[in-house]
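Peer 1: A structural model of the following input is requested.
(one chain, ligands or ions: 1)
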Amino acid sequence: MTQASAIMPCPTCRREVALSGAARPATFPFCSPRCRTSDLAAWADGSHVIAGTPLSFDAYADDPGIDQMMDQMMDQVMDQKTDRS
Ligand SMILES: [Zn+2]
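Peer 2: Numbering: from 1, shown residues only. As a prediction, this is how the structure comes out:
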């Protein structure tokens with residue numbers, strides 16, 4: 001009964017994970033390898049925002065056409081807004 005100590009919820013499945021001691025899993029802060037993998041997968045498919053977006057944007061950063069396209073898209077959006085209001 002020495003380890004009624006700190007726990008936290010697994011980021012993936014909310015199961016209780018020990019913060020310290022022998023009960024702390026090697027996959028900490030995840031409760032299991034499966035939860036760790038599914039969190040990585042969430043990053044990869046864009047469920048978590050940061051990972052993919054800047055990369056794909058950088059790929060087009062040197063293309064001047066993308067700026068024109070963005071401008072046109074913004075114009076369209078602004079037009080739609082003014083039409084509706
Ligand atoms: Zn879990």
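
Peer 1: Flag every buried residue along the helix or strand where residue 78 lies.
Peer 2: Assigned by DSSP states H and E, residue 78 belongs to helix 64-84. Within helix 64-84, not a single residue qualifies as buried, counting by 16 or more other Cβ atoms under 10 Å. Yep, even glycine has a C-beta here, placed from its N, CA and C like the rest.

Peer 1: Need the mean per-residue confidence for it.
Peer 2: The average pLDDT for helix 64-84 rounds to 78.

Peer 1: The chain: helices as residue ranges?
Peer 2: Counting by DSSP state H, the chain has helices at residues 33-44, 52-59, 64-84.

Peer 1: looking at those helices, which is closest to the ion?
Peer 2: Nearest to the ion among those is helix 33-44; the distance by Cβ to the ion comes to 3.2 Å.

Peer 1: could I get the closest one in CSV with only the CA atoms?
Peer 2: Extracted C-alpha coordinates of helix 33-44, given in CSV (Å, rounded to 0.1, in the frame of the first residue of the first chain):
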residue,chain,number,x,y,z
PRO,A,33,1.9,1.0,-26.6
ARG,A,34,-1.4,1.0,-28.4
CYS,A,35,-2.4,4.3,-26.9
ARG,A,36,0.9,5.8,-27.7
THR,A,37,0.7,4.7,-31.3
SER,A,38,-2.9,6.0,-31.7
ASP,A,39,-1.8,9.4,-30.4
LEU,A,40,1.0,9.5,-33.0
ALA,A,41,-1.5,8.5,-35.6
ALA,A,42,-3.7,11.3,-34.6
TRP,A,43,-0.8,13.7,-35.1
ALA,A,44,-0.1,12.3,-38.4
